[in-house]
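Asks: Next one to model:
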Amino acid sequence: MAGERLRKLKPFAAMIFLQFGTAGNALIAKAALNQGMNHYSFVVYRYAVAAIVFSPFAYLFERKVRPSMTLSMFSKIVLLSLLEPVIDQNLYYLGMKYTTATFAAAMCNVLPAITFLFAWIFKFEKVSIRKLHSQAKILGTIVTVGGAMILTLIKGPVIEMFWTKGETGHNAAASSEHSELVKGALLIVIGLFCWSSFVILQAHTLKSFPAGLSLTSLICLMGSLEGAAVALVAERGNTAIWAIRFDIKLLAAIYGGIVNSGVAYYVQSIVIKDRGPVFSTSFSPLGLIIITIFGSVMLGEQLHLGGAIGAIVIVSGLYLVIWGKRKDLMSTSCDHQLPVDAQKPCSETKVAEMTEGNVTQSDEAV
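Replies: Down below sits the predicted model:
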């Protein structure tokens with residue numbers, strides 16, 4: 001009994017751990033950027049660390065299941081590494097530089113809505129306007145986008161925390177012009193579109209290249225090489241950006257590479273296999289709460305009323321999309337039951353069992 005209870009608690013503990021890890025990466029990265037770390041070199045170092053650390057594990061554990069490399073597969077890996085490690089990460093960290101870690105984390109909750117739109121356009125997602133769960137997904141997408149606009153355009157008064165009361169709290173985002181806030185938001189949103197494209201393309205790639213750890217290592221390796229090429233062109237031979245010492249900048253590269261580019265993929269893929277994508281996605285707002293609290297304590301970031309309202313609206317829209325997707329899966333499973341079972345209720349446990357096999361590969365990329 002105790003062992004069964006512990007097994008049921010493992011997915012919860014894993015996702016909470018993952019959200020703390022993601023929040024830690026956002027805060028450490030923001031601190032490194034505040035101290036002058038170049039975002040181009042940061043991305044290169046981060047993915048180089050991930051490739052070096054996880055390639056040996058991929059070689060050892062996936063030798064028998066890893067398919068041979070083809071020109072088509074290599075082209076997909078090049079495109080995948082360009083979308084996420086290079087374009088998305090550079091735009092995300094540049095946008096964070098103009099804003100705050102809390103703002104960037106709140107904007108990332110728009111990702112499920114963007115992914116839903118892309119999946120709908122490319123026929124990965126079925127939508128029936130007359131059904132309630134499809135209406136919920138569409139409404140959730142609209143609400144999420146509205147929340148992002150509130151977060152970006154409305155500032156409002158500062159919300160005083162008990163640990164910041166009486167302090168003026170001056171940082172890069174607090175003193176930035178409103179135009180910089182909008183610029184940062186646009187950069188993050190463009191990055192999220194690339195991230196969403198990456199998720200859909202990786203889901204497609206995993207069907208013909210099921211060795212997930214090997215694929216991750218190859219993406220990180222190509223991402224670091226492509227990122228280095230972009231950095232050399234963008235910085236026009238400025239060698240100072242590659243200087244790194246035993247400080248917060250080195251910690252950010254190592255932590256981001258191991259935790260966010262390696263461990264996060266592995267932990268989330270295991271949870272998706274056990275509980276499905278709905279369960280794993282529902283923990284996203286926890287990361288926002290963690291970053292909001294620790295960003296205020298550690299970095300002195302100020303939380304404004306407009307930002308708080310926008311974050312709440314985004315989370316509300318996110319849960320509408322998740323609820324709609326969950327009901328969609330339940331409806332699909334019920335439709336596939338045998339006629340003899342037509343009068344029986346379709347339980348959520350049965351739905352999870354029937355849908356896990358279908359969604360595992362396509363969602364390991366998240």
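Asks: So I129: helix, strand or coil?
Replies: Following DSSP: H, G, I helix; E, B strand; the rest coil, I129 is assigned to coil.
Asks: go on, the one 5 residues further on?
Replies: Assigned with three-state DSSP, S134 falls in the helix class.
Asks: any idea of the pLDDT on it?
Replies: Looking at S134, its pLDDT reads 81.
Asks: wait, it sits on V321?
Replies: No: with contacts counted by Cβ atoms under 8 Å, S134 stays clear of V321, the gap being 10.9 Å. Every residue, glycine included, has its C-beta placed from N, CA and C.
Asks: Look at the two and report which has more neighbours.
Replies: Set S134 next to V321 and count neighbours by other Cβ atoms under 10 Å: V321 wins out with 23 against 20.
Asks: dump the residue contacts of that one.
Replies: Going by Cβ atoms under 8 Å, 6 or more residues apart in numbering, V321 touches P112, A113, F116, A136, K137, G140, T141, T144.
Asks: and the fourth one, how many neighbours?
Replies: The burial metric for A136, expressed as a neighbour count using other Cβ under 10 Å, is 20.
Asks: element containing the closest residue to it other than its chain neighbours, please.
Replies: Sequence neighbours aside, G324 is the residue nearest to A136 in space, at 3.5 Å (criterion: Cβ to Cβ, 6 or more residues apart in numbering). G324 belongs to helix 305-335 when assigned by DSSP states H and E.
Asks: For stretch 103-111, list the C-alpha coordinates in PDB.
Replies: Extracted C-alpha coordinates of stretch 103-111, given in PDB (Å, rounded to 0.1, in the frame of the first residue of the first chain):
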ATOM      1  CA  PHE A 103       7.700  38.800 -17.000                       C
ATOM      2  CA  ALA A 104       9.500  36.300 -19.300                       C
ATOM      3  CA  ALA A 105       8.100  33.400 -17.300                       C
ATOM      4  CA  ALA A 106       4.500  34.800 -17.500                       C
ATOM      5  CA  MET A 107       4.900  35.200 -21.300                       C
ATOM      6  CA  CYS A 108       6.000  31.600 -21.600                       C
ATOM      7  CA  ASN A 109       2.500  30.500 -20.400                       C
ATOM      8  CA  VAL A 110       1.300  31.600 -23.900                       C
ATOM      9  CA  LEU A 111       3.200  28.700 -25.500                       C
END
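Asks: Not counting that stretch itself, show me its contacts.
Replies: Under Cβ under 8 Å, 6+ apart, the answer for stretch 103-111 is 23, 26, 30, 92, 95-96, 144-145, 147-148, 151, 173, 181, 184-185, 188-189, 192, 195-196, 284-285, 287-288, 291-292, 307, 310-311, 314-315, 318.
Asks: Please list all residues in contact with the residue nearest to V53 when sequence neighbours are not counted.
Replies: Using Cβ to Cβ, 6+ apart and skipping the chain neighbours, the partner closest in space to V53 is I258 (5.7 Å). By Cβ under 8 Å, 6+ apart, the contact set of I258 is V49, A50, V53.
Asks: I258: what secondary structure?
Replies: At I258 the chain is in helix, as set by three-state DSSP.
Asks: before we move on, what about the one 4 residues further on?
Replies: Put simply, G262 is helix when judged by three-state DSSP.
Asks: Mind listing what's buried along the longest helix seen in the chain?
Replies: Counting by DSSP state H, the longest helix found in the chain is helix 2-34. Going by neighbour count (16 or more other Cβ atoms under 10 Å), the buried part of helix 2-34 is 11, 14-15, 18-19, 21-34.
Asks: which ones among the contacts of stretch 103-111 are found in helices?
Replies: 23, 26, 30, 92, 95-96, 144-145, 147-148, 151, 181, 184-185, 188-189, 192, 195-196, 284-285, 287-288, 291-292, 307, 310-311, 314-315, 318.
Asks: Model confidence score at F198, please.
Replies: Note on F198: pLDDT of 85.
Asks: shouldn't it be in contact with L83?
Replies: Yes: if you go by Cβ under 8 Å, F198 and L83 touch, sitting 4.2 Å apart.
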